[in-house]
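> prediction below, plus the sequence it came from.
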Amino acid sequence: MDFLQCLFSLKRSQKRLVSVTVDSFFLVTAFWASLLVRLDAVSVLANSSYWLLIALVVPISVIGFVKLGLYRAVLRYMGLQALTAIILGVAASTTALVLVSYYAELDLPRTVPIIYAAFALVFVGGTRAMVRSLVGSGMKRIGEPVIIYGAGVSGRQLVTALVQSHEYYPFAFVDDDRTLNGTVIQGVHVHSPSIIRKLIKQKAATKVLLAIPSASRARRQEILTLLEPLAVQVLTLPAMADLVSGNKLYSDIKEVEIDDLLGRDAVAPRNDLMSANIKNKVVMVTGAGGSIGSELCRQILKQSPKKLVLFELSEFGLYSIERELSATAQDLGLDIEILPMMGSVQRENRVRAVMEAFKVQTVYHAAAYKHVPLVEHNVVEGVRNNIFGTLYTARAAIVARVETFVLVSTDKAVRPTNVMGTTKRMAELVLQALSKEINQTRFCMVRFGNVLGSSGSVVPLFRKQIANGGPVTVTHPEITRFFMTIPEASQLVIQAGAMGKGGDVFVLDMGKSVKIVDLAAKMIRLSGFEVKDDKHPDGDITIAFSGLRPGEKLYEELLIGDDVTGTEHERIMTANEVCLSWKELESILNRLDKACHEFNHEVIRDILVTTPTGFNPTDGICDLVWKQKASLALTSSDNKVVPLVS
């Protein structure tokens, strides 16, 4: 093996020279061996005509091997292509032997070319297969033993990648196909999933690699459910689309995606709905640097808008998404003008100026403060940004004659228990009221639950806590949430916006709600650990309950009532809910604006509660500035000092 390692450490040109030299020697040996077998006389070695014959055949054969690409094949990865090159090359060499001997009028026995071909195949092909086997057997046992789930094309490719690494060695395949059970693929035995527990104990394996990139999420969830009780770390191959595009390699194994745990397959987007409000139009996204806004921009770019206006308050967020989209457009060869615009939706004149300057036709309003506890602690800013930011952007759209305005809403707007959800419901009421007025802009809103990977998502937090050894913190043992991937949510927002007629409240089908404590337990087990609790005192990681945060509710809902109808899209519904006229809402907004200007939190709370939003607060006023002032006023009163006038 030391010799082989030394050989593999040579430069590529040196390796090819060695291969040519060795093959030439093998061809000469095959020729003389065929003559000795046929004639059974050592005296044939003294025949100079035969020496001349093989001296002519060898260069021709080597040239044939070169043309067939034999020396481009890496020996340790040698596969069907190299085998084909060897067979065709030997056939060409044998043909050259026959033709040269015929035209040189040499007396060559007829069976010699056949025997020569057999020897050449054994020497040239057999030695390569032997070396490849030695390399594989010598390297594949280095590293951590792992099981590969899936013995298909992806699994075989993964084995090829892993045997070259020193990190893992695959000792077993597991596959659902019964016809493969008991077979050996690339030196690795294939077993039934029913004995996977035995296999794990046999080699003390701590990892299972899923090599099923094309399987549906529902099927992947079934497999993960099977593996979860085994407390082994489950890693997975990248998605098939990434493998085909070349963005990822088979060796790029990673942690199981959380959407695999949800087991819900995304519905392919309808191209007609995706492009209806975007293709060849000027599109603007507010909050373009956020998790939802940035994904909306990515999806919009694929639909070839005339211009894409990125409106964002965060300088870094705007810089990041503009740079990413520009690079993507260049890679895809798209001639789309991407316009990064800094600004706040709370400045109506700035928003209107941007819309009018670029003649915006479609607006996706994703700018919002959406982190529940933070909005509870910063009430005025939450109200200003989420309610009045939506109002100002909508009024600017009316003045700029925007065709379509789509608000990205949330399930927290339904019977809200916090300020954030209430402000989003108020934003919905604003658009519903404006849609009843005479204007050219078509308003609609799309309501959905949590998206995986967004800012504030529990999934990255859980991963970090598991990596640190725990505990994993969950607010309440009964808390549940709806989940959806960011790309699917963004695609559905775009499609719903295309179906809006004016004032529509669209609700996305989020599937079944997920119990957060169950999600945490699954993530712990699929990371190779056991949950530590009363039943398992020897477990690895505990789940700690921190208590509900300000404004947080146990269960999220997508509908205020039961009055919901389907649409032409199976994952999009439309809700028919209570709304106010603009005259009624305008007076409420004026009072709310005045209360915000005066930082009068008692009045703000009263307005939010009395407006028909369904706001039922579970906590008192949590604004940090208000609480600090109240604390200072109380302290000053106790010390009999007149408080400063604010």
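Right, received. Where do you want to start?
> how is the protein partitioned into domains?
As assigned by automatic domain parsing, the chain contains the domains 2-137, 140-256, 271-451+483-510+556-595.
> where in the protein is the helix or strand with the lowest mean pLDDT?
helix 240-245 (a mean of 50; mean pLDDT, DSSP states H and E).
> turn the domains of the chain into CSV, including distance to Lys464 and mean neighbour count.
The way it works is simple: take the backbone N, C-alpha and C, and place the C-beta from them, glycine included. Output for the domains of the chain, formatted as CSV (distance: least, CB to CB, whole Å; neighbours: other CB atoms under 10 Å):
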stretch, distance to Lys464, mean neighbour count
domain 2-137, 37, 16
domain 140-256, 12, 17
domain 271-451+483-510+556-595, 17, 20
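> can you list these in a markdown table and add distance to Gln628?
As requested, the domains of the chain are exported to a markdown table (distance: least, CB to CB, whole Å):
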| stretch | distance to Gln628 |
| --- | --- |
| domain 2-137 | 66 |
| domain 140-256 | 42 |
| domain 271-451+483-510+556-595 | 11 |
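> on the three-state scheme, Lys88 is what?
No, residue 88 isn't Lys; it's Leu. helix (DSSP: H, G, I helix; E, B strand; the rest coil).
> and the closest residue to it other than its chain neighbours, how far from Phe25?
Distances taken as CB to CB, 6 or more residues apart in numbering place Leu68 nearest to Leu88, at 5.5 Å, with adjacent residues excluded. Computed as CB to CB, to the nearest Å, the Leu68 to Phe25 distance reads 19 Å.
> now swap in Met484 and tell me
For Met484, the distance to Phe25 - CB to CB - is 64 Å.
> what do you get for Pro229?
Distance from Pro229 to Phe25, by CB to CB: 58 Å.
> hang on, Val446 is in a strand, isn't it?
Yes - assigned with three-state DSSP, Val446 falls within a strand.
> got the contact list for it?
By CB atoms under 8 Å, 6 or more residues apart in numbering, the contact set of Val446 is 406-409, 492-493, 496-497, 506-508.
> average pLDDT for the longest helix belonging to the chain?
Counting by DSSP state H, the longest helix found in the chain is helix 12-39. The average pLDDT for helix 12-39 rounds to 81.
> next: stretch 85-98.
The model assigns stretch 85-98 a mean pLDDT of 85.
> okay, it in CSV with CA atoms only?
C-alpha atoms of stretch 85-98 as CSV (Å, rounded to 0.1, in the frame of the first residue of the first chain):
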residue,chain,number,x,y,z
ALA,A,85,-12.0,1.9,-23.3
ILE,A,86,-9.9,-1.2,-22.4
ILE,A,87,-12.1,-3.6,-24.4
LEU,A,88,-12.2,-1.3,-27.5
GLY,A,89,-8.4,-0.6,-27.1
VAL,A,90,-7.6,-4.3,-26.9
ALA,A,91,-9.8,-5.0,-29.9
ALA,A,92,-8.0,-2.2,-31.8
SER,A,93,-4.6,-3.6,-30.8
THR,A,94,-5.6,-7.1,-31.9
THR,A,95,-6.9,-5.8,-35.3
ALA,A,96,-3.6,-3.9,-35.7
LEU,A,97,-1.7,-7.2,-35.0
VAL,A,98,-3.7,-9.0,-37.7
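> and it, how far from the chain's centre?
Counting by CA atoms, centre = their mean, to the nearest Å, stretch 85-98 is centred 49 Å from the centre of its parent chain.
> quick one, which of the domains of the chain gets closest to Glu530.
Nearest of those to Glu530, taken as CB to CB: domain 140-256 at 4.8 Å.
> and the following helix or strand past the longest helix of the chain, what does it pack against?
Using DSSP states H and E, the next helix or strand after helix 12-39 towards the C-terminus is helix 48-67. If you count contacts as 3 or more CB pairs under 8 Å, 6 or more residues apart in numbering; DSSP states H and E, helix 48-67 packs onto helix 12-39, helix 80-103.
> tell me what angle helix 48-67 forms with helix 80-103.
Taking axes from the mean of the first three to the mean of the last three CA atoms, to 10 degrees, helix 48-67 and helix 80-103 form an angle of 150 degrees between their directions.
> contacts for helix 48-67?
Residues contacting helix 48-67 (CB under 8 Å, 6+ apart): 20, 23-24, 27-28, 31-32, 35, 44, 71, 85, 88-89, 92-93, 96-97, 100-101, 104, 106, 108.
> separation between the spatially closest residue to Ala33 that is not a sequence neighbour and Ser490?
Closest residue in space to Ala33, ignoring its immediate chain neighbours: Phe119 at 5.2 Å, by CB to CB, 6+ apart. As defined by CB to CB, Phe119 lies at a distance of 64 Å from Ser490.
> what does Val42 give?
Plainly put, Val42 is 80 Å away from Ser490 if you go by CB to CB.
> likewise for Arg605?
Going from Arg605 to Ser490 by CB to CB gives 34 Å.
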